[in-house]
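**Q** I need the structure of the sequence given here:
(2 chains)
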There are 2 protein chains.
Amino acid sequence: MSQLLRVQNFNVSSDGFGAGEGQSLERPFGHADPGTMFAWAGATASWPNRTDPGGSRGLDDYLVRDFHHDIGAEIMGRNKFSPQRGPWENHEWQGWWGDEPPFHTPVFVMTHHERPSFTLSDTTFHFVGGDPAEVLAQARKAAGGKDVRLGGGATVIRQFLDADLVDTLHVAVSPDVVLGSGSRLWESPEELLDRFHCDVVPSPSGVVHHLFWRK
Amino acid sequence: MSQLLRVQNFNVSSDGFGAGEGQSLERPFGHADPGTMFAWAGATASWPNRTDPGGSRGLDDYLVRDFHHDIGAEIMGRNKFSPQRGPWENHEWQGWWGDEPPFHTPVFVMTHHERPSFTLSDTTFHFVGGDPAEVLAQARKAAGGKDVRLGGGATVIRQFLDADLVDTLHVAVSPDVVLGSGSRLWESPEELLDRFHCDVVPSPSGVVHHLFWRK
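**A** Residues are numbered from 1 along each chain as shown, chains lettered A, B, ... in the order given. Model prediction:
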C-alpha cells in the first residue's frame, strides 16, 4: 500500500472558508470563531483537549479519533504555525501548539524563511521551502511508511490539490457558519467531483462531513 | 480513561438477526449469506481480506479501519470460533479464522468445555468459562490498558448487554436483508435507547450504521 496524503478533520464554513480574515496572535482564525467551527469535534470523547471524562462516541467521534490513524508526519502552512509574516523575528515563540503539540510526529511547516528545527514533547517541527511535491517527498521519508496528513490551512490544501497530490480529504462543513471572506478552500465541494468520489454524511450534531477519495 | 467494552462492525439483518439458522462448517452464518451482509465492508479499502489495491475510502472505510483502534483483546462466543457443540472432539481443527486471524490480540472464546490455549500468528485463543463479568475481567487484564472488543455473535452480545457491561456498539443494519429466524440481537434498535445514545447514520452504500454509547 502506498503512503497516502490525507486531509483530516479540516473545517470550513458553509461558504467554503477555513479561516477568516485578520489573523493575529490572539485570533488564529481571524474573524472566524474556532469555538463555533470546531464545536462538533470538541463535543466528542476523543477530542485531545478534553478535560472531563465525558463526550459523545457517535459518528463525530469516529472522525476525530481517526486523526492519528496510520499517520507518520504532517505538512502545514506557515499560518497554521504562527501569525508572523516574512523573516522570523526571533525563535523564542514556538508556535500556537503549546508544550504538548497534538501531532506526535514530525511536522513540516512550509515557509520561504529558514529556521532551525526544534522538538516539543514528541513533535518535531521542521521548516521547509520547495514546491508541494518536494515537501511531500520529505514528509513521506520521515513518515516511516505511514501516511502523511495535510493539515492546512485552505491555501496549502489548494496548492496540493492543484498539484494533484491529495489522496483523501475529510472536510467538515459547518452549515450555520458564514464567513464571507478569508482563506477559501472552495466555492462548492462539487469542484472536486471530477477527480474524487465523495460521501456526504450529515452528522446528528449538525456538521456535514464530506469524505473524498480519488477516482 | 477506563477500558471500554466495544462492539465493532457487528452486522444484522433488517429484522435484527446476526446470523441465520443451521450453522455448519460450510455455512458459518447458517442460512444467511455473509457475502451480502458484509458487502458494505468488503467494498472498503481497509477490509483486511482485500486482495486488490482498490476499495472505497468514504464513511464505511472509517468504520472498518476503526476495528483495531485501541483494542487490546477480543471476546467471542464459541459459535464465532467453530460450529462444534458440546465437548471438543479433537483439537486439530483450529477454528474458522485461518493461519493469520484478523484479531492480532488475545481472543477469549466463551465455552463450558475446556481446551488448551493456542497461538496462530499474533493471535492467541483462550477458552474460558464463567459469566460475562468474569470473562471481561480476564480480557481487560490481557488487553494491556486498551479497550476490549466484544465480537459476537448476537447471543453473546445480548448476555453482555443484559449484564450492563457494554460501553459502545457499532451495529450495521442491512436494510435489504431479511432472515426471519436465527441468532437475534434485537427486535428493534429502540430497545437500547433507555441506556444508550444513538447516532443513526445511513451510508451512501445502503447499510445503516447505528452507533450507540452509554448515557
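**Q** Do a quick rundown of the strands in chain A.
**A** For chain A, the strands defined by DSSP state E occupy A:5-13, A:17-19, A:71-77, A:106-110, A:118-120, A:123-128, A:147-152, A:168-174, A:183-184, A:196-202, A:208-214.
**Q** residues of the fifth one that come out buried?
**A** Burial within strand A:118-120, assessed by neighbour count using 16 or more other C-beta atoms under 10 Å in any protein chain shown, is assigned to A:Leu120. (C-beta placed from N, C-alpha, C; glycine too.)
**Q** Any idea how many residues pack against the nearest residue to A:Val173 once chain neighbours are set aside?
**A** Closest residue to A:Val173 apart from its sequence neighbours, by C-beta to C-beta, 6 or more residues apart in numbering or on different chains: A:Val208 at 4.6 Å. For A:Val208, the neighbour count with other C-beta atoms under 10 Å in any protein chain shown is 17.
**Q** A:Ser82 now?
**A** Using other C-beta under 10 Å: A:Ser82 sits among 19 other residues.
**Q** Name all residues that make contact with it.
**A** A:Ser82 makes contacts with A:Trp93, A:Gly95, A:Trp96, as judged by C-beta atoms under 8 Å, 6 or more residues apart in numbering or on different chains.
**Q** rewinding a little: surely the residue nearest to A:Val173 meets A:Pro175?
**A** Yes - between A:Val208 and A:Pro175 there is a contact under C-beta atoms under 8 Å: 6.1 Å.
**Q** from the middle of its chain, how far away would stretch A:57-71 be?
**A** 14 Å (C-alpha atoms, centre = their mean, to the nearest Å).
**Q** Now do it: distance from first to last residue.
**A** 22 Å (C-alpha to C-alpha, to the nearest Å).
**Q** what about that stretch and chain B, any contact?
**A** Yes - using C-beta under 8 Å from any C-beta of the partner chain as the criterion, contacts between stretch A:57-71 and chain B involve A:Arg57, A:Gly58, A:Leu59, A:Asp61, A:Tyr62, A:Leu63, A:Arg65, A:Asp66, A:His69, A:Asp70.
**Q** Check the gap between A:Trp40 and A:Ser14 for me.
**A** The gap separating A:Trp40 from A:Ser14 is 14 Å, by C-beta to C-beta, to the nearest Å.
**Q** swap in A:Ser203?
**A** 15 Å.
**Q** next one: A:Val166
**A** 22 Å.
**Q** out of these two, which sits in the busier spot?
**A** Neighbours per residue (other C-beta under 10 Å) separate A:Val166 from A:Ser14, with A:Val166 holding more: 25 against 13.
**Q** wait, isn't that one in contact with A:Gln8?
**A** No - the pair A:Val166 / A:Gln8 is not scored as a contact, 11.4 Å apart, by C-beta under 8 Å.
**Q** residues making contact with the helix or strand of chain A with the lowest mean pLDDT?
**A** The helix or strand of chain A with the lowest confidence, counting by mean pLDDT, DSSP states H and E, is helix A:34-37 at a mean of 90. Residues from elsewhere that reach helix A:34-37 (C-beta under 8 Å, 6+ apart): A:Asn11, A:Ser13, A:Pro28, A:Phe29, A:Gly42, A:Ser174, A:Asp176, A:Val177.
**Q** which two from those residues end up farthest apart in space?
**A** Farthest apart among the contacts of helix A:34-37 by C-beta to C-beta are A:Pro28 and A:Asp176. That separation is 20.7 Å.
**Q** Who has more neighbours out of these two?
**A** Neighbour comparison, A:Pro28 and A:Asp176: the larger count goes to A:Pro28, with 17 against 10 (by other C-beta under 10 Å).
**Q** show me the contacts for the more buried one.
**A** For A:Pro28, the contact set (C-beta under 8 Å, 6+ apart) comprises A:Ala19, A:Pro34, A:Pro83, A:Trp96.
**Q** Going through those residues, which ones are buried?
**A** By neighbour count, with 16+ other C-beta under 10 Å, the contacts of A:Pro28 hold A:Ala19, A:Pro83 as buried.
**Q** Same list (the contacts of A:Pro28) but as a markdown table, adding distance to B:Arg214.
**A** Output for these, formatted as a markdown table (distance: C-beta to C-beta, whole Å):
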| residue | distance to B:Arg214 |
| --- | --- |
| A:Ala19 | 36 |
| A:Pro34 | 29 |
| A:Pro83 | 41 |
| A:Trp96 | 34 |
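**Q** for the contacts of A:Pro28, which one is nearest B:Gly130?
**A** A:Pro34 (49.0 Å).
**Q** which stretches of chain A have low pLDDT?
**A** Low-confidence segments of chain A (pLDDT under 70): A:1.
**Q** export the longest helix along it as PDB, just CAs?
**A** Secondary structure of chain A per DSSP state H: the longest helix is helix A:132-142. Only the C-alpha atoms of helix A:132-142 are listed here, as PDB (Å, rounded to 0.1, in the frame of the first residue of the first chain):
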ATOM      1  CA  PRO A 132       4.400  20.800  -2.800                       C
ATOM      2  CA  ALA A 133       5.900  17.700  -4.400                       C
ATOM      3  CA  GLU A 134       9.300  18.400  -2.800                       C
ATOM      4  CA  VAL A 135       7.800  18.900   0.600                       C
ATOM      5  CA  LEU A 136       5.700  15.800   0.300                       C
ATOM      6  CA  ALA A 137       8.700  13.700  -0.600                       C
ATOM      7  CA  GLN A 138      10.500  14.900   2.600                       C
ATOM      8  CA  ALA A 139       7.400  14.200   4.700                       C
ATOM      9  CA  ARG A 140       6.900  10.700   3.200                       C
ATOM     10  CA  LYS A 141      10.500   9.900   4.000                       C
ATOM     11  CA  ALA A 142      10.000  11.000   7.600                       C
END
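**Q** Quick one: residues in contact with it.
**A** So helix A:132-142 is in contact with A:3, A:5, A:72-75, A:105-106, A:108, A:110, A:126, A:128, A:130, A:148, A:159-160, A:163, A:165, going by C-beta under 8 Å, 6+ apart.
**Q** For that helix, buried residues please.
**A** Buried residues in helix A:132-142 (16+ other C-beta under 10 Å): A:Pro132, A:Val135, A:Leu136, A:Gln138, A:Ala139, A:Arg140, A:Ala142.
**Q** ok, now stretch A:115-134?
**A** A:Arg115, A:Leu120, A:Thr123, A:Thr124, A:Phe125, A:His126, A:Phe127, A:Val128, A:Pro132.
**Q** what's the first-to-last distance across that stretch?
**A** 18 Å.
**Q** go on, stretch A:142-153?
**A** 21 Å.
**Q** And stretch A:158-173, by the same measure?
**A** 16 Å.
**Q** Same check on stretch A:94-113?
**A** 15 Å.
**Q** Same question for stretch A:171-191.
**A** Note: stretch A:171-191 ends 13 Å apart using C-alpha to C-alpha.
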